[in-house]
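Asker: Turn this into a structure:
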Amino acid sequence: MEGVLTRGWLATLDLAEDREGLLQGGLFRDFYRRIGKEASFDVVQAEQAFWAMLREAGVEVRLEVPLDRVGVEAGRLTLLETPMGTVGAPYFVDATDTADLAFRAGASFTQGREDTGLDGRSMAATLVFRMEGLPWGAVFLALNYEGQDHRPAWKAFPGEVG
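Answerer: Below you'll find the model as predicted:
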């Protein structure tokens with residue numbers, strides 16, 4: 001999740017709520033609390049929250065490590081071989097956009113919307129981009145002209161909003 005939200009600047013969550021509140025729990029609920037319990041959030045704050053959660057859980061993070069081979073025993077990923085050596089652990093998390101580790105370990109997967117049975121189409125990509133030099137105060141006023149809250153347009157850049 002960290003890459004899409006903080007590196008991709010996708011600063012809005014698709015929350016599931018009912019009359020009693022947020023339906024998601026566990027790690028997500030902790031992350032949501034750390035970013036201020038809002039659907040739109042500051043990406044720098046989100047990255048800090050992710051790193052804090054990893055530190056607190058004692059997770060060893062290895063970034064951009066080339067993968068040579070995976071070891072799987074009884075359907076469970078047990079080790080990774082990389083140019084830097086062999087890594088064994090009770091758990092591995094594939095946080096890449098390609099899921100290469102999960103695929104090579106034999107994890108099941110679906111492509112696009114095939115799991116819905118509706119059709120074979122893929123999910124549309126979300127266009128996220130940064131703009132600099134904009135008068136964010138004026139943008140905020142324009143977006144809220146009709147009294148609607150459009151925080152996703154500016155929440156990712158809190159230091160730039162006038």
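Asker: Okay, residue 108 and residue 95: tell me how far apart.
Answerer: 18 Å (CB to CB, to the nearest Å). (Each C-beta comes from the backbone N, C-alpha and C, glycine too.)
Asker: Of these two, give the one with the bigger neighbour count.
Answerer: Between residue 108 and residue 95, residue 95 has the larger neighbour count (other CB atoms under 10 Å), namely 14 against 6.
Asker: Please identify the helix or strand for that one.
Answerer: In this assignment (DSSP states H and E), residue 95 forms part of neither any helix nor any strand.
Asker: what's the pLDDT at it?
Answerer: With respect to pLDDT, residue 95 scores 78.
Asker: Would you quantify the distance from it to residue 39?
Answerer: Applying CB to CB, the value for residue 95 to residue 39 is 22 Å.
Asker: again with residue 137
Answerer: Following CB to CB, the distance that separates residue 137 from residue 39 is 22 Å.
Asker: And residue 106, by the same measure?
Answerer: Distance, residue 106 to residue 39, using CB to CB: 35 Å.
Asker: tell me what the longest helix along the chain is packed against?
Answerer: Counting residues, the longest helix found in the chain (DSSP state H) is helix 43-57. With contacts taken as 3 or more CB pairs under 8 Å, 6 or more residues apart in numbering; DSSP states H and E, helix 43-57 sits against helix 2, helix 26-34.
Asker: Can you give the distance of it from its chain's centre?
Answerer: Centre-to-centre, helix 43-57 and its host chain are 12 Å apart (CA atoms, centre = their mean, to the nearest Å).
Asker: Check stretch 137-145 too.
Answerer: 28 Å.
Asker: in that stretch, what's buried?
Answerer: residue 139 (16 or more other CB atoms under 10 Å).
Asker: cool, stretch 10-30 as well?
Answerer: So, applying 16+ other CB under 10 Å, buried residues of stretch 10-30: 10, 11, 12, 13.
Asker: cool, stretch 72-81 as well?
Answerer: Here stretch 72-81 shows 77, 80 as buried, counting by 16+ other CB under 10 Å.
Asker: Noted, bye for now.
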